[in-house]
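*Asks:* I need the structure of the sequence given here:
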Amino acid sequence: MHDVTLPKLSEDTDESLIVLWFVDEGDYVKEGAVLCEVQTEKAVSEIRAETSGTVKKIHVKRGDSAKAGTLLAVIDPKGQAAESTGASEKVHLEQAEENKASQETASFTRVSPRLRHLAKELGVKLEDVKGSGKGGAITEQDIRDEAGL
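*Replies:* Residues are numbered from 1 along each chain as shown. Next comes the predicted model:
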């Protein structure tokens, strides 16, 4: 088994947000394939597979924050690519594209790690907060309003 851990992506913070998963549990990935996209306060980065194999478990969900060194996923290098014809490969690719599109269109607002921490401290679920900032961004005041402060 190969552990996929979150690298330290910024000198300023150890925390990153999982923006999007490009794979699901059970998917076969090739070495170098993009597994997920993560965001720090300053940049968005891709996490790539260091080995080919089957994604056995995804430990951090889309929209969750994680610290550097956190186990993101597990890949079984002994996992085999499913025997497939061109038609079934096409269906799998279409399903992957639909999954990516549904993740992108789901209501999801990027929030800085500082505001995520504040929301967690106040017991506020970010999916319940309506952003009043530019482009619907969630502000500190939005979180405080949701918490009743």
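*Asks:* What segments of the protein are strands?
*Replies:* Here the chain has its strands, by DSSP state E, at 2-5, 15-21, 28-29, 34-39, 44-48, 53-58, 65-67, 71-76.
*Asks:* For the fifth one, name the packing helices and strands.
*Replies:* Meaning strand 44-48. Identification of packing neighbours for strand 44-48 by 3 or more CB pairs under 8 Å, 6 or more residues apart in numbering; DSSP states H and E yields strand 34-39. To be clear about C-beta, it is placed using only N, CA and C from the backbone, and glycine gets the same treatment.
*Asks:* Can I get the strand it packs on in CSV, CA atoms only?
*Replies:* C-alpha atoms of strand 34-39 as CSV (Å, rounded to 0.1, in the frame of the first residue of the first chain):
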residue,chain,number,x,y,z
VAL,A,34,-3.7,14.1,-10.7
LEU,A,35,-5.5,12.8,-7.6
CYS,A,36,-6.8,16.0,-6.1
GLU,A,37,-6.4,19.8,-6.1
VAL,A,38,-5.5,21.6,-2.8
GLN,A,39,-5.5,25.3,-1.9
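*Asks:* which residues touch it?
*Replies:* Identification of contacts with strand 34-39 by CB atoms under 8 Å, 6 or more residues apart in numbering yields 4, 6, 9, 16-23, 29, 44-49, 55, 66, 72-73, 110.
*Asks:* buried stuff in stretch 48-66?
*Replies:* Buried residues in stretch 48-66, counting neighbours by 16 or more other CB atoms under 10 Å, are found at 49, 52-55, 58, 60, 63, 65-66.
*Asks:* Equivalent analysis for stretch 35-42, please.
*Replies:* Buried residues in stretch 35-42, counted by 16+ other CB under 10 Å: 35-40.
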